[in-house]
Structure formats: C-alpha cells, structure tokens
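J.: Any chance you could fold what I've pasted below:
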Amino acid sequence: SKYIGPFAFDGCIVLTSATINNTVKKIDDRAFSNTGLTSITIPSSVDSFGNAFEYNHNLTSANISSKHIGSYAFFGCPVLTSVIINKTVKKIDDVAFINTHLTSIMIPSSVDSIGNGAFGNCYNLSSATIYSKYIGPGAFSDCPVLTSALINNTVKKIDDDAFSNNEGLTSITIPSSVDSIGSGVIEDCYNLSSATIYSKTTGISTFKYDFALTSVKLNGVSLIAKGAFSYCDNLPSITIPSTVTAIDSAAFVGCCSLSSLTIPSSVTSIGPEAFERCSGLTSITIGSKIKTIQEGTFGGCLGLTSIT
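T.: Residues are numbered from 1 along each chain as shown. Modelled structure (predicted):
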C-alpha cells in the first residue's frame with residue numbers, strides 16, 4: 001500500500017517482523033506501536049512518519065531512509081541501541097529518539113535540522129558525529145556518558161542548551177562554519193576541560209558552570225558574549241585574540257582562578273560585570289581603544305594590584 005494509517009498494527013505484541021516495501025509513502029501515528037518488533041527498516045519511498053514506532057519494548061535497531069523522522073518517532077523504545085540514519089533523511093523532529101539506549105549516532109549532511117531534544121536523555125549515548133546544518137535546543141542534552149561530540153563544518157547554527165548537562169564531555173570544538181550559537185549550549189558540563197572555538201561568537205552563557213574548564217582557545221572570535229565563561233572557576237588563563245572587538249556583560253564573572261589578563265587594542269567595549277568576582281586576578285593590561293570601564297567590570301577583584 002501507499003499509506004499505513006494510525007494504529008494499523010498497534011498492540012500486535014507477537015508481531016516480531018514487518019517489511020515495509022518501497023511503495024509506501026506515509027506511515028501515520030502509532031501505526032506500529034506496542035508491537036513485538038525487534039528491528040525495522042524504513043525505505044526512502046516514505047516521505048514522513050510520526051510517532052509510528054512508540055512503545056516497542058523489544059526494538060533494538062532501526063535503519064531509516066525516509067525523508068522526515070517525526071516527533072516521538074521512537075519514544076518509549078527502551079532497548080533501541082542501534083540506529084542508521086541514511087543520506088536520504090532531511091529532517092529529524094523534536095524528541096524523536098529521546099530516552100532510547102543508543103550508544104552512538106552519525107547524522108549525515110543531508111539532514112537540515114535536528115529538533116528540540118531529539119537525542120536528549122540518551123543515557124548510553126557515548127558518541128555523536130554531526131554533519132547537519134542545524135542542531136536544535138537540547139538536541140543532545142542530558143546524555144551523561146557522551147564523551148565525543150564531533151561538530152563538523154557543515155553545521156551553521158547550534159541552538160540553546162544543545163549539549164548542556166553532559167558530564168561525560170571533556171572537550172569540544174566549535175567550527176568556523178557556525179554563524180549562530182544559542183544560550184547555554186555547553187552549560188553545566190562539569191568535566192569539560194578543553195574548548196576550542198572558531199566561530200565569530202562564543203554564544204551567551206555557553207560554558208557557564210563548566211567548573212573543570214582549564215583550556216580555552218579562541219580562533220577568529222569577534223564577540224565574547226554575555227556570561228560566556230561565567231563561573232568557570234578553574235580557568236587559570238585566557239588569551240583574548242586581536243579578532244575580539246567586544247566583551248559582553250558578565251562574560252567571565254566568577255572566574256576566580258584567572259590571575260592575569262591582557263585585553264588587546266582591538267576590543268572597543270567591555271560590558272558591566274565582565275570580570276566581576278575574579279578574586280584571583282592580580283594584574284590587567286587594558287588596550288588603548290577602551291574609553292569607558294563600566295559599572296562593576298572588575299568589582300570584587302580583591303587581589304587586583306596592577307592595572308596598565
């Protein structure tokens with residue numbers, strides 16, 4: 001058939017195998033939910049499917065070639081460990097794979113967007129390789145054993161909290177292809193020790209509360225955004241390159257391990273409270289283009305003894 005309707009095979013608990021042929025164009029909601037399926041292959045003839053495979057408690061693998069993976073597509077599939085997303089897939093909707101037991105995932109460059117929380121709460125996910133153009137809010141958040149997140153130079157935008165609260169992450173690189181970074185993208189990653197940023201902006205609160213962060217490399221960055229490194233209290237130093245023109249408010253607030261700082265002449269503005277409560281800061285060199293130091297910029301820097 002061309003169309004498999006809602007609940008078509010819902011509750012067929014002894015259905016362990018289903019072949020979807022390449023005549024099928026659409027699979028509707030819960031068409032195969034609550035079955036005994038252990039694996040499924042979805043051909044490229046399928047334009048879209050919604051939460052068609054919800055609550056399949058025996059489903060361990062899926063091979064997907066459809067153009068569009070819908071919201072909640074595999075919600076409640078607790079033993080789903082292997083998913084192949086083929087290069088015919090264009091879009092992955094919100095929470096498509098949330099709470100599954102995937103161990104790794106590769107998103108091909110054919111995918112334009114990954115939706116909100118699409119791979120959130122995947123507690124066994126250790127590796128994600130991403131070639132999509134857009135990574136949605138919370139797309140890979142709360143994945144506690146995610147140790148490798150490879151963001152390739154096909155990615156244009158990373159939205160809010162995309163990789164937040166991932167305690168397994170120890171390093172991250174944001175490529176120059178990224179034009180836009182949302183708020184808190186890598187926030188609360190308590191074991192993140194190294195970050196390399198090639199994008200033009202750091203994003204708001206991107207590394208907030210990343211307590212283990214000790215190494216930051218900024219390459220081509222022009223804006224250090226609001227709260228970008230706030231409360232990274234083990235960050236011992238930061239080199240601000242000559243590409244940076246602005247440091248927003250609270251950018252380094254609470255970075256109490258910073259001991260010295262040089263702000264290059266390329267920087268024309270520093271926001272309020274940018275370096276507030278950097279209690280270990282003893283010396284600062286400020287570039288010639290800074291005309292005004294705003295309220296609280298260095299407030300609470302109790303060890304500061306030298307400003308040039």
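
J.: what separates the closest residue to S279 other than its chain neighbours from S242, distance-wise?
T.: Distance criterion Cβ to Cβ, 6 or more residues apart in numbering; nearest residue to S279, sequence neighbours excluded, is C256 at 4.6 Å. (Glycine included, C-beta is placed from N, CA and C.) Note on C256: its distance to S242, by Cβ to Cβ, to the nearest Å, is 26 Å.

J.: Then Y131?
T.: Y131 sits 32 Å away from S242, going by Cβ to Cβ.

J.: Neighbour count for those two, which is higher?
T.: Summary of the neighbour comparison: Y131 and S242, criterion other Cβ atoms under 10 Å, with Y131 having more neighbours (17 against 10).

J.: For the closest residue to the more buried one other than its chain neighbours, give me its contacts.
T.: Nearest residue to Y131 in three dimensions, chain neighbours excluded: S109, at 4.0 Å (Cβ to Cβ, 6+ apart). For S109, the contacting residues are 87, 131-132, 152, 154, taking Cβ atoms under 8 Å, 6 or more residues apart in numbering as the criterion.

J.: before we move on, what about S176?
T.: Residues touching S176, when contacts are defined by Cβ under 8 Å, 6+ apart, comprise 153, 198-199, 219-220.

J.: out of those residues, who's nearest D142?
T.: Using Cβ to Cβ, S199 comes nearest to D142 of the contacts of S176, at 23.6 Å.

J.: Name the residues of stretch 254-271 that are buried.
T.: Across stretch 254-271, burial judged by 16 or more other Cβ atoms under 10 Å covers 254-258, 261, 263-264, 267, 270-271.

J.: if we can go back for a sec, what remains of the contacts of S176 if I keep only buried residues?
T.: Among the contacts of S176, those buried by neighbour count (16+ other Cβ under 10 Å) are 198-199.

J.: Could I get the phi/psi values of the residue nearest to Y131?
T.: Note on S109: backbone dihedrals following degrees, to the nearest 10 are phi -70, psi -10.

J.: Roughly how far does G168 sit from S126?
T.: Going from G168 to S126 by Cβ to Cβ gives 7 Å.

J.: any shared contact partners between the two?
T.: Overlap between the contact sets of G168 and S126, as judged by Cβ under 8 Å, 6+ apart, is given by 145-147.

J.: quick check, nearest of the residues you listed to K67?
T.: Within the set of these, L146 lies nearest K67; the separation is 27.0 Å, counting by Cβ to Cβ.

J.: Is the closest one in contact with S171, as I believe?
T.: No: with contact defined as Cβ atoms under 8 Å, L146 does not count as touching S171 (11.7 Å).

J.: Neighbour count for the two, which is higher?
T.: Neighbours per residue, other Cβ under 10 Å: of L146 and S171, the larger number sits with L146, 24 against 15.

J.: From V46, how far out is the more buried one?
T.: Per Cβ to Cβ, L146 is found 29 Å from V46.
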